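J.: Provide a 3D model corresponding to the input given below.
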Amino acid sequence: MNSARRIGNVVILGGGTAGWMTAAALARTFGDALSVTLLESEEIGTVGVGEATIPTIHWFNQMIGLDEAAFLSATKATFKLGIEFVDWAAPGHRYFHPFGSYGFAFPGVAFYHRWLKAKAEGLNSPLSEFSLAARLAAENRFAKPVGEARSILSTLGYAYHFDAGLYARHLRGLAEAAGVRRVEGKFQSVEQDPTTGFVTAIYTQAGEQLCGDLFIDCSGFRALLIDGVMDASFEDWSHWLPCDRAIAVPCARTGETTPYTRSTARAAGWQWRIPLQHRTGNGYVYASNYLGDDEAASTLLGNLDGEALADPRFLRFTAGTRRRAWVGNVVAIGLASGFLEPLESTSIHLIQSAIAKLLALFPDKDCDPLLADRFNALLNADMDNIKDFLMLHYHATRDKDEPLWQHCREMPLPDSLREREEQYRRSGRLMLGTDELFREASWLAVLNGQGIEATDYNPLADVTDRQTNRAQVQQVADVIARAVPTLPRHDEALARIIGPWS
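T.: Predicted coordinates:
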């Protein structure tokens, strides 16, 4: 193999979470075999809307060799067992989307089919009673999963809440220690190969030239390379996900921290609550067609747990994606590739997912277009599946008369989502692909939470007789109920790792 074909220099445009996650991953993976340069300016802020994650973040943190205790301390992080949804399905209703799994893995058929059978035969126990994560969250308790399959703790999953700015700073320290060169400055222009159209260098406003073989666009919504240079069009999804504004305000932490994110439906969108060690993050995601900025600010400020710690910060966005996030020798990662609102905390996942795909398909200097096609196809599938999952929350509502919710109930659904809902209603089957981010527990939680219930179950569940099935299903709920009071409260569990912090 001719080593001259190998990429030797990567230039990342933009810092923030996406830029420094990419830099840390490349430095950790390639070591001295790859030179990584990152251009960012202290004068350009980052969006920083999302401070909540999902369990896939463990893969990334482990890949870059991140020490959990140091990470928790540096980013003011807390643990997250799932998301509580308040007033979504209907006013006054709430449900929990837990991480991990429901019940135990009984032989023959998925546990939830055993539950559906028991429910059809008279069991009156809600789905949440069969999730250890949901029950722990309800009591502000926390525990980590264990590998022993016979332990109820093996059914847990967890993620984190953290300060996204502090996370980027922490990653920057790791990346620079691994050899990444940071250049302070603002992007000015590019130099392109006249034959291939590949970017060969970018220039800063100060005139510094940064040459590379591969360029990663982490410039956020500006998409300076993937859009401004490579002309990759943006596919607008606002007809499906109409929220296009957010206002964010941190407030003082009061009382115990909760090991979950809370999402509360409002008249024109929803409000997030994300507990950190040093403060609570709050925001209102809303549709500007149905609500003005001043009213949004008033609503958010009137629904804080504690004293506001800063002035409201407004953000504008459009839900959608670029079907070609990799064009030529430019790869867009993060907001430059598309945006889905943070309702299910997927923003950081999509960054690490793109990084994983880039590493698996890492090109030579010729940037084989088939590799780019595969990258784009996989990222498109991610975006489409997550988009469907978010839409499920919005359209499956009742007794909500505000114009936004009327629009969402009546909007035409993608065939993929409509068919999935219909199949679950008819047969209790969840038609999931092998590579989909959200698995059985997630779809079950939201389908049932939003009021979409199965009318049948897998016939394999009938192999177990009614009495035995009901007894075994009930036993799972009993084991969880006994386990919960024995496990530590969240703040105690966190203190055991990082020491006293409150």
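J.: who's in contact with residue 19?
T.: Listed by Cβ atoms under 8 Å, 6 or more residues apart in numbering, the contact set of residue 19 reads 12, 13, 38, 40, 168, 216, 218, 334. Just so you know, the C-beta spots here come from the backbone N, C-alpha and C atoms, and that holds for glycine as well.
J.: could you redo the last one with a cut-off of 6 Å?
T.: Residues counted as contacts of residue 19 (Cβ atoms under 6 Å, 6 or more residues apart in numbering) are 12, 38, 218.
J.: Include pLDDT when you put the residues you listed into TSV, please.
T.: TSV is the format used below for the contacts of residue 19 (pLDDT from 0 to 100):
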residue	pLDDT
12	98
38	98
218	97
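J.: what stretches of the stretch 51-200 of the chain score poorly on pLDDT?
T.: For the stretch 51-200 of the chain, no stretch has pLDDT under 70.
J.: in it, which spans are strands?
T.: 78-80, 82-86, 94-98, 159-161, 181-184, 187-192, 199-204 (DSSP state E, counting those that start in this stretch).
J.: Of those, give the one that comes closest to residue 408.
T.: Judged by Cβ to Cβ, the one of the strands of the stretch 51-200 of the chain that comes nearest to residue 408 is strand 82-86, at 14.5 Å.
J.: can you pull out the helices in the stretch 1-150 of the chain?
T.: Counting by DSSP state H, counting those that start in this stretch, the stretch 1-150 of the chain has helices at residues 16-30, 57-63, 68-74, 111-120, 132-138.
J.: Need the ones you listed in TSV (columns: distance to residue 253).
T.: Shown next, in TSV, are those (distance: least, Cβ to Cβ, whole Å):
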stretch	distance to residue 253
helix 16-30	22
helix 57-63	22
helix 68-74	16
helix 111-120	36
helix 132-138	18
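J.: Nearest to residue 318, out of the ones you listed?
T.: Short answer: helix 16-30, nearest of those by Cβ to Cβ, at 17.7 Å.
J.: Same question for the closest one: list its buried residues.
T.: 16-27, 29-30 (16 or more other Cβ atoms under 10 Å).
J.: Kindly export stretch 386-403 (C-alpha atoms) in PDB.
T.: Taking C-alpha atoms only, stretch 386-403 is exported to PDB below (Å, rounded to 0.1, in the frame of the first residue of the first chain):
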ATOM      1  CA  ILE A 386     -35.000  10.000  15.300                       C
ATOM      2  CA  LYS A 387     -37.300  12.400  13.400                       C
ATOM      3  CA  ASP A 388     -40.000   9.800  13.500                       C
ATOM      4  CA  PHE A 389     -39.500   9.200  17.200                       C
ATOM      5  CA  LEU A 390     -39.800  12.900  18.000                       C
ATOM      6  CA  MET A 391     -42.900  13.300  15.800                       C
ATOM      7  CA  LEU A 392     -44.500  10.500  17.800                       C
ATOM      8  CA  HIS A 393     -44.500  12.800  20.900                       C
ATOM      9  CA  TYR A 394     -46.100  15.700  19.100                       C
ATOM     10  CA  HIS A 395     -48.900  14.100  17.200                       C
ATOM     11  CA  ALA A 396     -50.200  11.500  19.700                       C
ATOM     12  CA  THR A 397     -51.900  13.900  22.000                       C
ATOM     13  CA  ARG A 398     -55.500  14.600  23.200                       C
ATOM     14  CA  ASP A 399     -57.400  17.300  25.000                       C
ATOM     15  CA  LYS A 400     -54.900  20.000  23.900                       C
ATOM     16  CA  ASP A 401     -56.600  22.800  22.000                       C
ATOM     17  CA  GLU A 402     -53.700  25.100  21.300                       C
ATOM     18  CA  PRO A 403     -53.000  25.700  17.600                       C
END
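J.: That'll do, ta.
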